[in-house]
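Novice: Fold the following.
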Amino acid sequence: MFTCTGYADASAEAPRAPFTFERRDPGPSDVEIEIAYCGVCHSDLHQARNEWQNTLHPCVPGHEIVGRITRTFTRAGFVAGLVLGAVLGPLPARAAEAPTVFAAASLKNALDDIAASYAKDGKPAPKISFAASNTLAKQIEQGAPADLFFSADLDWMDFLAKKDLIRADTRVSLLSNSIVLIAPKDATIGVTMAPGLDLAAVLGSGRLAMGNVEAVPAGKYGKAALEKLGAWAGVKDRVAQAESVRAALLLVSRGEAPLGIVYATDAAADPNVKVVATFPADSHPPSFTRSPSPRIRRTRMRQRCWPTCAGRGPRRPSRSRASRC
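Specialist: Below you'll find the model as predicted:
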């Protein structure tokens, strides 16, 4: 346990005042942050004043924190969980709505685990929709009610940014991956990734499973890698293009395609496939870095909030500098 200091309402009528409380030691899925500012908006005030009749006092209101990360704790999928938790903020579960998350199909295993952990803490379970990044971006363009978007590449995030459909201040690049060539687990195929690769000969009469090479990020990167290695011309007419990278994975997993190109994390998630070779990092665009979780702009009016400055208590800024929740 360690001691923290915040600003709390001792009761529904009491003014906010400095408050010291104990927190458990950080666990493997946690991050330690030295908080500099904390946004306090209308929902926090309603909660602190017990206007929803479910507040436990003393209550420390506030969310949308800004500060310095002082320590992190390693766990698979943790970075994505950090973003999900930090962006949503520590709103009381009964006062907050379950967030709607649009995420690239390759993040399914990690985000499902993170969502379950998030719900165990008493927060509303996120509603997650998994699909190819291009499909999700198009749905958001058409007005789909997403709160967070995890894209598998920069292009589709840029697509939404150019249309002013994301909050630019919440955009961050977090995760990276590798592109791999996979085969069914019992296959005896051997491939050396080098210029002059003759993948057509390895395929035989079968097809190469890939995400759509014009839209699905893994498909685009796979095509770029094959072009760099001189193998694309020999296989371009023998590609089984799938709607997402997970759909391409399934074709190989079921034995319907002898080879496929997916992310390394997708291959690790399916025991029915094995990695035959990994594409060189310089064979596909560097923009492969995932750029997830900007909040999506909504047409509804957003509440105003004002920061709580560390050590100085709540302070409402001038109208021109008021931040948005």
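Novice: Would you mind measuring from Leu229 to Gly206?
Specialist: Distance, Leu229 to Gly206, by C-beta to C-beta, to the nearest Å: 19 Å. Just so you know, the C-beta spots here come from the backbone N, C-alpha and C atoms, and that holds for glycine as well.
Novice: wait, I meant Pro217
Specialist: Going from Pro217 to Gly206 by C-beta to C-beta gives 24 Å.
Novice: who's more crowded, those two?
Specialist: Relative neighbour count places Pro217 above the other of Pro217 and Gly206, with 29 against 16, counting by other C-beta atoms under 10 Å.
Novice: my guess is the more buried one contacts Ser133, does it?
Specialist: Yes. Counting by C-beta atoms under 8 Å, Pro217 touches Ser133, with 5.4 Å between them.
Novice: Spit out the residues that contact the two alike.
Specialist: Contact with both Pro217 and Ser133 is made by residues 104, 151-153, 156, according to C-beta atoms under 8 Å, 6 or more residues apart in numbering.
Novice: Same list as before, the residues you listed that is, but in TSV and with secondary structure included.
Specialist: Converted to TSV, the shared contacts of Pro217 and Ser133 look like this (DSSP: H, G, I helix; E, B strand; the rest coil):
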residue	secondary structure
Ala104	strand
Ser151	coil
Ala152	coil
Asp153	coil
Trp156	helix
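Novice: Ranking by neighbours, what's the top pick from the residues you listed?
Specialist: Neighbour counts for the shared contacts of Pro217 and Ser133, by other C-beta under 10 Å, peak at Ala152, which reaches 32 neighbours.
Novice: Double-check it against Phe102; I have them as touching.
Specialist: No. At 11.5 Å, Ala152 does not count as touching Phe102 under the criterion of C-beta under 8 Å.
Novice: My guess is Leu259 contacts Gly204. True?
Specialist: No. Here Leu259 does not reach Gly204: they are 9.6 Å apart, not a contact under C-beta under 8 Å.
Novice: Specify which residue of the two has the higher count of neighbours.
Specialist: Relative neighbour count places Leu259 above the other of Leu259 and Gly204, with 27 against 11, counting by other C-beta under 10 Å.
Novice: now that one: how far from Phe19?
Specialist: Taken as C-beta to C-beta, the spacing of Leu259 relative to Phe19 amounts to 60 Å.
Novice: again, but for Tyr221
Specialist: Using C-beta to C-beta, one gets 50 Å for the distance from Tyr221 to Phe19.
Novice: swap in Pro217?
Specialist: Pro217 sits 46 Å away from Phe19, taking C-beta to C-beta as the criterion.
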